[in-house]
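1. Using only what follows, build the 3D model:
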Amino acid sequence: MTSATAASATIHSGPNSSIAWVRGDRLEYPDGSLGVLDPITLGAVIELAPQVGLQPTAGRYPLDRLLGAGEVVSLSTVREVMPVVAVGDRPLDPGPRTKDLREAFADLVVGERRTAGAV
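-> Numbers count the residues shown, from 1 in each chain. Sure thing, here's the model as predicted:
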């Protein structure tokens with residue numbers, strides 16, 4: 001999912017999933033400058049973030065930035081929005097913003113399926 005070998009290493013998304021984290025009222029995530037295609041699930045979560053009180057913020061972030069986050073989420077088409085429960089030996093608790101993002105994404109998926117006549 002991410003590639004980082006030291007605390008100063010730059011975080012980036014992988015080919016099958018993305019990562020984002022909550023710091024205060026910001027949803028931070030790696031920008032697209034690292035050559036990975038724009039992820040569909042991340043794009044949807046970026047659009048949903050303001051609805052749950054988060055400002056989406058892309059950037060080139062070191063691992064230390066993620067380690068200082070209150071909540072971390074994994075994003076993928078298959079797993080959708082999932083809390084990350086540990087980074088290395090550091091346990092993380094899924095928080096309220098992760099729950100809000102999960103629910104908003106689930107509502108979006110249901111709405112799109114209804115529109116497509118699949119529900």
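
2. Find the nearest non-adjacent residue to Tyr61, please.
-> With Cβ to Cβ, 6 or more residues apart in numbering as the measure, Ile11 is the residue that lies nearest to Tyr61, at 5.2 Å, once sequence neighbours are left out. All C-beta spots, glycine's among them, are computed from the backbone N, C-alpha and C.

3. Compute the distance between that neighbour and Pro96, please.
-> The spacing between Ile11 and Pro96, counted by Cβ to Cβ, to the nearest Å, is 23 Å.

4. With neighbour numbers in mind, choose between these two.
-> With neighbours defined as other Cβ atoms under 10 Å, Ile11 and Pro96 compare such that Ile11 has more, 23 against 12.

5. Tell me if I'm right that the more buried one and Ser18 touch.
-> No: under the contact definition of Cβ atoms under 8 Å, Ile11 does not touch Ser18, with a separation of 10.3 Å.

6. So for these two, which residues contact both of them?
-> Residues within reach of Ile11 and of Ser18 at once, by Cβ atoms under 8 Å, 6 or more residues apart in numbering, are Pro30.
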